[in-house]
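Next one to model:
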Amino acid sequence: MLGLLRHQDALRLCDISRNGSSSPTPSRRPPLGPARDAAVDREAGPVLSSAADMPEAKPAAKKAPKGKEAPKQASKEAPKDPPKDASPKDAPADAPKEAPPEDLSPAGEEPTGVFLKKPDSVSVQTEVVEEEEKKKKKKEDDDLGIPPEIWELLKGAKKSEYEKIAFQYGITDLRGMLKRLKKAKVEVKKSAAFTKKLDPAYQVDRGNKIKLVVEISDPDLPLKWFKNGQEIKPGSKYQVFVGDRVEMMVEVSEEGAQVMWMKDGVEMTREESYKARYRFKKDGKRHILIFSDVTLEDGGRFQVMTNGGQCEAELIVEEKQLEVLQDIADLTVKASEQAVFKCEVSDEKVTGKWYKNGIEVRPSKRITISHKGRFHKLVIDDVRPEDEGDYTFVPDGYALSLSAKLNFLEIKVEYVPKQEPPKIHLDCSGKTSENSIVVVAGNKLRLDVSITGEPPPVATWLKGDEVFTATEGRTHIEQRSECSSFVIESAERSDEGRYTIKVTNPVGEDVASIFLRVVDVPDPPEAVRVTSVGEDWAILVWEPPKYDGGQPVTGYLMERKKKGSQRWMKLNFEVFTETTYESTKMIEGVLYEMRVFAVNAIGVSQPSINTKPFMPIAPTSEPLHLMVEDVTDTTTTLKWRPPDRIGAGGIDGYLVEYCLEESEEWLPANTEPVERCGFTVKDLPTGARVIFRVVGVNIAGRSEPATLTQPVTIREIVEQPKIRLPRHLRQTYIRKVGEQLNLLIPFQGKPRPQVVWTKGGAPLDASRVHVRTSDVDTVLFVRQAARSDSGEYELSVQIENMQDTATIRIRVVEKAGPAENVMVKEVWGTNALVEWQPPKDNGNSEVTGYFIQKADKKTMEWFNVYEHSRPTSCTVSDLIVGNEYYFRVFSENICGLSDSPGISKNTARILKTGLTYKPLEYQEHDFRTAPKFLTPLLDRVVVAGYTAALNCAVRGHPKPKVVWMKNKMEIREDPKFLITNHQGVLTLNIRRPSPFDAGTYSCRAVNELGEALAECRLDVRVPQ
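Down below sits the predicted model:
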């Protein structure tokens, strides 16, 4: 079954002959008019589709043609005689006057060809009316001159709509129409053949589907459909419009049938469907060709071919035509009135332009052009004489225009003007003094000043000496009869001042002044800052705002937040009148920010600028264990320990101060804090007695001082010299050739001792050895050590006749030389004995071993035999019979292998001799043992809810079988327990134990030689 769908309409070719060919019946669908018919107009061809695919149409009152076209339309739709072969019982005597059915199919039997069709449920409007009643009805219609369609519309309408319908269709005899309606009785005689007939009328929006349904008493009765008196037959020509959706459907007898689509004799393929804007769809036995947006090029003859037959249909695509539903009418208006031109077209998407005397009309303050749905409006406010003329509406893209004329009616009235001097009637509501008005900033102010006078006076507004004339904007003037208004949409501070209104006419003038006072919230407070902080408090200080908003500041509101947070916390809910505020209950070590709001009678100001981030902190406690470390003739070295309490502010350093014994003035020893817990006070008077103290400093300030209990006498103390030799230098110090030699040796003694280095009793070579000496240590440095730097070095530290000495033994080593005289001493079987002599040069270090390799004479590829071998001989085994071998030996010491090996001067040749294998006799050891627990189970106390594990270790051969038991009951496949055995280590995991899991747990290991048992007690404690 080949089908076409337009929009949601379904166009389907149904009349398939039994031999598989179609019987085309050409039909043409003209453009659709307004929705006064059913969805498809009266001259449309047959529209066919499956009844199951369409919603059932709802009955609605039928609209009749408009105005002068009503008689023509009525005559055009007059009933035609039915075909001769239609029996009176099955076909209506009068042709249906309603919308055509959207869904048609031939009645009864199904063709036997390859292409299948299913009879669809169809419906038409059917009335069985007697001939006399029809003539009587026609006579009554002729008496009033009202077409039957309008009577049908009136019968289905409400009584409140009678007058509107009569006015719309030009019925003048309203009394006769009402009388006729009152007497009319709608009598619909049901034919014996129909159990359900069509409704009197249907209404459907254009482009939607409609389904007409009737029910017949006998399904075997022949059924025919009529439209406007003509029998509806399936056709093969279908007309659609550009942009419509089209579906062509064919139904075959088998789902797997091969179907080929052709257009004008050319095959349509899926590869070309993307370019041609069509697609194929298969639904069981149905094959569908879909055009989502049909164009003129898509029209043509379509064929569907299969191995059992073919069918075809013709698709005609035409441009859409526009229909005028309501024309614009001529207008006659008076001056200052409103003129409205209105028209209605059939397409909601159509746009257009308005013209006046051939010139396009543009929107302005008086002229408004609108387009809503199918309606287009041109509205002219305050009509003037120059607006008179011919107005035309031209839809875009259509050769169509609608015209009407605007006539201007001018009325002239002669009168004698009245003379009256102007007068200002001023009423200042909300005034605080005479002609003074107060307004809150941001509010709207409207000063309506009533004025009288004849002729009407002209009002002029002034602010100060400046004339104000603006009629639009935030501040503007509105002039009306007997009233002049000064409007401020949103009052600002700059609007404050004296305003004057002056009204004048030929008779005289009047003047009044008003002082406008604008009050506002104050400006934010200024210079907001934190002056001091403590452990959990801070002092906040600010200055009052420069502008109080015209009202005195009543107080302030404070807020604070943590730095980085967006949540502000209010510090007070009642206004605070002072400009200094102490904020408490803060967390030490956390950065805070604060801000302040000013409050007056109008409201709360904007927030001030945030303070710089600050941290509530407290000074540290005093430093601990202050003591004197060293004293010279002019300096004193102090040391101490950090404070016991430092706090969140940390510590930036320490300040040292001193005071002479006979003075009370403390002098700073350092201006910048020192970080380390020690300091040397310099430039002290020799012999003076000085008191010292130390304070810790952080961002919160100075801590309490730590003071020496006794004054210190500034005089150097003689101290015996002593060398503090590091532990690693108390034994021989070994370095490799080429490495740095850097020895740091501290010493003590006062005054500064004399330091002397020697080597073997002789002074050091200054070209190779560098010595640096300070007050507390001496350094011996050699950039690249050589073997000649080995030896004993003596260090002497002397103060006057006191002396201390130390000896440092240094050995510089390098790699040893190769082994000497490598020889193959003996060869037997597959073995060879290799001997050598130690190297001549051991690199100034003991030879720790030798590295021996062998190589086949044929390949000379070296393979390792022994590593770290200490003897000077070795036996090489598993040599290959028939090969001849070389051997080489590397020497090894603390620096590694020698750079070159000693190679054997002779070779070891392995001869091919008969070999006899005699296996050794031995008795296999019995490794079987009974199970034994190496690690027993231990009693455990665990916390409820936390996983616990019991562990033990068992040994036995063969591998014993392990069984875990709880209270002598074997633990089997329980998800609460997990048993593992890894190399004899046994683990029982208990998931989230409860008090119920407490008890005696045992592990039994069994094999063929015996068994072993381990037990423990598990207690589960519930946390309180």
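
mind checking pLDDT for the residue nearest to residue 338 when sequence neighbours are not counted?
Distances taken as C-beta to C-beta, 6 or more residues apart in numbering put residue 381 closest to residue 338, at 5.4 Å, once the chain neighbours are dropped. (Glycine included, C-beta is placed from N, CA and C.) Predicted confidence (pLDDT) for residue 381: 92.

Return the distance of residue 381 relative to residue 405.
Remark: distance between residue 381 and residue 405 (C-beta to C-beta, to the nearest Å) = 19 Å.

cool, and residue 889?
Between residue 889 and residue 405 the distance is 130 Å, computed by C-beta to C-beta.

So which of the two has more stuff around it?
Neighbour totals were compared for residue 889 and residue 405, and residue 889 leads with 28 against 13 (other C-beta atoms under 10 Å).

residue contacts, the more buried one?
Residues counted as contacts of residue 889 (C-beta atoms under 8 Å, 6 or more residues apart in numbering) are 818-819, 822, 834, 836, 850-853, 901-902.

What is the nearest of those residues to residue 599?
Using C-beta to C-beta, residue 851 comes nearest to residue 599 of these, at 93.8 Å.

hang on, the closest one in a strand?
Yes. Residue 851 forms part of a strand when assessed by DSSP: H, G, I helix; E, B strand; the rest coil.

could you list every residue that touches the nearest residue to it once chain neighbours are set aside?
Spatial nearest neighbour of residue 851, chain neighbours left out: residue 890 (4.1 Å); criterion: C-beta to C-beta, 6+ apart. Residue 890 makes contact with 818-819, 850-851, 853, 897-898, 901-902 under the criterion C-beta under 8 Å, 6+ apart.

tell me which residues of the helix or strand residue 311 falls within are tucked away?
In this assignment (DSSP states H and E), residue 311 forms part of strand 309-318. For strand 309-318, a neighbour-count test (16 or more other C-beta atoms under 10 Å) marks 309-317 as buried.

what helices or strands is that strand leaning on?
In terms of contacts (3 or more C-beta pairs under 8 Å, 6 or more residues apart in numbering; DSSP states H and E), strand 309-318 is packed against strand 2-6, strand 237-241, strand 246-251, strand 300-306.

For burial, what's the neighbour tally of residue 587?
If you count neighbours by other C-beta under 10 Å, residue 587 ends up with 12.

That one reaches residue 536, doesn't it?
Yes. Residue 587 is within contact range of residue 536, at 7.2 Å (criterion: C-beta atoms under 8 Å).

closest to residue 789 among the contacts of residue 890?
Of the contacts of residue 890, the one sitting nearest to residue 789 (C-beta to C-beta) turns out to be residue 898, at 21.8 Å.

Which residue lies closest in space to that closest one, excluding its sequence neighbours?
Excluding its sequence neighbours, the residue lying closest to residue 898 (C-beta to C-beta, 6+ apart) is residue 891, at 4.3 Å.

And residue 575, by the same measure?
residue 555 (2.6 Å).

Does the one you found touch residue 576 like I think?
Yes. Shown here, residue 555 and residue 576 form a contact pair, counting by C-beta under 8 Å, at 5.4 Å.

For the host helix or strand of residue 406, list every residue counted as buried.
Secondary structure assignment for residue 406, by DSSP H and E: strand 402-409. Neighbour-count burial for strand 402-409 flags 402, 404, 406, 408 (criterion: 16+ other C-beta under 10 Å).

And stretch 800-818, by the same measure?
For stretch 800-818, by 16+ other C-beta under 10 Å, it's 804, 806, 808, 810-818.

Would you mind writing the CA trace of it as CSV?
The C-alpha atoms that make up stretch 800-818 are tabulated as CSV, following Å, rounded to 0.1, in the frame of the first residue of the first chain:
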residue,chain,number,x,y,z
GLU,A,800,102.0,30.4,76.8
ASN,A,801,103.6,27.4,78.6
MET,A,802,100.5,25.2,78.2
GLN,A,803,100.3,22.9,75.2
ASP,A,804,98.1,20.0,73.8
THR,A,805,99.0,17.8,70.9
ALA,A,806,97.3,15.2,68.7
THR,A,807,98.4,12.8,66.0
ILE,A,808,96.4,12.1,62.8
ARG,A,809,97.2,9.1,60.6
ILE,A,810,96.3,9.5,57.0
ARG,A,811,96.5,6.8,54.2
VAL,A,812,95.8,7.6,50.6
VAL,A,813,95.0,4.5,48.6
GLU,A,814,94.4,3.5,45.0
LYS,A,815,93.8,0.3,42.9
ALA,A,816,96.3,-2.5,43.1
GLY,A,817,98.4,-3.7,40.2
PRO,A,818,97.7,-7.0,38.3
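
What about the residue nearest to residue 575, how many residues nearby?
Neighbour count of residue 555, defined by other C-beta under 10 Å: 14.

and it, what does it touch?
574-577, 599.

And for residue 409?
Applying C-beta under 8 Å, 6+ apart, the residues contacting residue 409 are 332-335.

Just the closest of the buried residues of strand 309-318 to residue 593, please.
Nearest member of those to residue 593, counting by C-beta to C-beta, is residue 317, at 73.9 Å.

from what I can see that closest one touches residue 295, true?
Yes. If you go by C-beta under 8 Å, residue 317 and residue 295 touch, sitting 6.8 Å apart.

Now do the shared contacts for the two.
Taking C-beta under 8 Å, 6+ apart as the criterion, residue 317 and residue 295 both touch residue 242.

picking up where we left off before, mind listing which of the buried residues of stretch 800-818 are in helices?
When the buried residues of stretch 800-818 are checked against helices (DSSP state H), there are no matches.

Residue 576: neighbouring residues, count only.
When counting by other C-beta under 10 Å, one arrives at 16 neighbours for residue 576.

what is in contact with residue 587 and residue 536 at once?
With C-beta under 8 Å, 6+ apart as the test, residue 587 and residue 536 both reach residue 616.

Quick one: the helices in the stretch 151-300 of the chain, in order.
For the stretch 151-300 of the chain, the helices defined by DSSP state H, counting those that start in this stretch cover 162-168, 174-183, 273-276.

And the residue nearest to residue 575, what's its pLDDT?
pLDDT recorded at residue 555 is 94.

That one and residue 442: what is the separation?
For residue 555, the distance to residue 442 - C-beta to C-beta - is 22 Å.

so where's this structure uncertain?
Counting by pLDDT under 70, the chain has low-confidence residues at 1-145, 184-192, 206-208, 228-236, 274-276, 412-417, 427-434, 913-917.

looking at this, the residue nearest to residue 851 is in a helix?
No. With three-state DSSP as the criterion, residue 890 is located in strand rather than a helix.

Return the distance of it relative to residue 864.
11 Å.

Can you check which residues contact both of the two?
851, 853.

show me what contacts residue 606?
Shown in contact with residue 606 (C-beta under 8 Å, 6+ apart): 521, 523-524, 597.

how about the strands in the stretch 551-700 of the chain?
555-562, 569-570, 580-583, 592-599, 624-631, 636-641, 653-660, 667-668, 678-681, 689-698 (DSSP state E, counting those that start in this stretch).

Centre of the chain to stretch 339-357, how far?
47 Å (C-alpha atoms, centre = their mean, to the nearest Å).

May I see the buried residues of that stretch?
339, 341-343, 345-347, 350, 352, 354-356.

and what of stretch 212-219?
212-214, 216.

same question, stretch 830-843
Along stretch 830-843, the positions that meet the burial threshold by neighbour count (16+ other C-beta under 10 Å) are 830, 832, 834-836, 839, 842-843.

Show me which of the residues you listed is closest to residue 979.
Using C-beta to C-beta, residue 830 comes nearest to residue 979 of the buried residues of stretch 830-843, at 53.5 Å.
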